[in-house]
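In: any chance you can model this:
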Amino acid sequence: MKRRTFLASVIALPLLAQAAEEEFRPYRQVSRGADKARIYSFFSFACPVCRDYHRELEHWGKGVPKKMSFEMVPVVTAADRPHMIAARAWYAVMKAAPEKSASFADAAYALIHDQRMKLDDPETWIQACKISGVRNFELAWKAVPVVEVTRATSLLKDYAITETPSLAIGGRYVITPDNTQGDHRLFVQLANGLASQALRSL
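Out: Take a look at the predicted model:
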């Protein structure tokens, strides 16, 4: 896996058409029929690029058509204890105070990247909750079912995610900022265009 992953709209349609003419696709094609009405945004708190995109993608996800669901998915593998703890912390916050998820993510990224706190240090998540105003984190942590974390692991494998952030759209497309050379605006436009394409099949 690339190091960046764990260590460390109609406007878009012309772009897609041009790419097709050049026999180049600005996305990776997948086949997950069960997810045709779902969009997953894969991220890692250890990824600096995720930090740049996280709040933007959460905001974008709130605007997807009602026919489609959007979910932020923390990357984790069974053998990766730090990311497993980070994933559980994320799901605990989504139980305790989902409306504060963006503020919690901002605080967590700052603690990890600016203050060098560790993914597997409980104090990292306790401090992130204090900063973002998330209450009852400890109770929510205990209530996170194992299946929720293992589901994230399965999704990571099913979509063969090797880079973060990655968007999996409609069970058909996977894109990363590399597909638009790191251009935020083009990335969102591309996501809009692919979401529109996926909607047509619903």
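
In: so who does the nearest residue to residue 97 once chain neighbours are set aside touch?
Out: Nearest residue to residue 97, sequence neighbours excluded (C-beta to C-beta, 6 or more residues apart in numbering): residue 134, at 4.6 Å. For glycine as for every other residue, the C-beta is placed from the backbone atoms N, C-alpha and C. Contacts of residue 134 were listed using C-beta atoms under 8 Å, 6 or more residues apart in numbering, and they are 93, 96, 97, 100, 104, 128.

In: can you show me the strands along the protein?
Out: In the chain, the strands defined using DSSP state E lie at 28-29, 38-43, 69-74, 166-169, 173-175.

In: tabulate those strands in a markdown table, adding columns for distance to residue 186, mean neighbour count and mean pLDDT.
Out: Output for those, formatted as a markdown table (distance: least, C-beta to C-beta, whole Å; neighbours: other C-beta atoms under 10 Å; pLDDT from 0 to 100):
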| stretch | distance to residue 186 | mean neighbour count | mean pLDDT |
| --- | --- | --- | --- |
| strand 28-29 | 17 | 12 | 96 |
| strand 38-43 | 17 | 24 | 98 |
| strand 69-74 | 20 | 18 | 98 |
| strand 166-169 | 13 | 26 | 98 |
| strand 173-175 | 10 | 22 | 98 |
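
In: and residue 37, how far from residue 66?
Out: Per C-beta to C-beta, to the nearest Å, residue 37 is found 10 Å from residue 66.
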